[in-house]
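Undergrad: the following block contains a protein sequence and its predicted model.
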Amino acid sequence: MENVVLIVHLFLALGLIAVVLMQRSEGGGLGMGGGGGGAMAGRPAGTALGKVTWILAICFIITSITLTIIAAQKAAGTSVIDQLGITPPAQNAPANDLVPPGGDLLPPTATDDAPLVPSAD
């Protein structure tokens with residue numbers, strides 16, 4: 001199915017290129033100076049080539065969206081790492097990895113037999 005849509009998409013692209021190149025130039029790059037009836041005017045395409053261009057463009061957009069949907073469905077639930085076969089590191093790290101080297105999680109407190117700050121002796 002994907003190959004058929006891709007081939008149709010390529011033919012539409014080539015046809016769209018050919019039809020656009022066959023059209024008469026409006027002059028004045030990017031539609032400037034072509035008069036009041038350009039692509040931004042409210043009237044429909046007047047020539048047969050203009051109508052064919054619109055039809056090919058709409059079909060091209062539809063096949064583009066279809067190819068995007070097909071690609072998204074094929075890639076659902078997979079990642080590049082899964083395709084390479086690399087196993088990711090463990091997600092659940094043991095709790096003792098978060099303990100500082102001294103082993104205490106609480107700050108030291110002053111007790112009767114050991115002061116918090118060592119003496120200067």
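TA: Received it, and whenever you're ready, just let me know what you need. None of these values were measured; they are calculated from a predicted model.
Undergrad: switch to C-alpha atoms for all contacts and neighbour counts from now on
TA: Noted.
Undergrad: where does this protein dip in pLDDT?
TA: Low-confidence segments of the chain, defined by pLDDT under 70: 26-45, 76, 78, 88-121.
Undergrad: quick one: the helices in it, in order.
TA: Counting by DSSP state H, one finds helices in the chain at the ranges 2-22, 48-74, 80-84.
Undergrad: so which elements touch the last one?
TA: Counting contacts by 3 or more C-alpha pairs under 8 Å, 6 or more residues apart in numbering; DSSP states H and E, helix 80-84 packs against no other helix or strand.
Undergrad: pull out the buried positions in that helix.
TA: For helix 80-84, burial by neighbour count (16 or more other C-alpha atoms under 10 Å) applies to no residue.
Undergrad: how about the first one?
TA: Taking 16+ other C-alpha under 10 Å as the neighbour-count basis, helix 2-22 is seen to contain the buried residues 9, 12-13, 15-16.
Undergrad: residue 72: which of the residues you listed is nearest?
TA: Nearest to residue 72, judged by C-alpha to C-alpha, of the buried residues of helix 2-22 is residue 9 at 17.3 Å.
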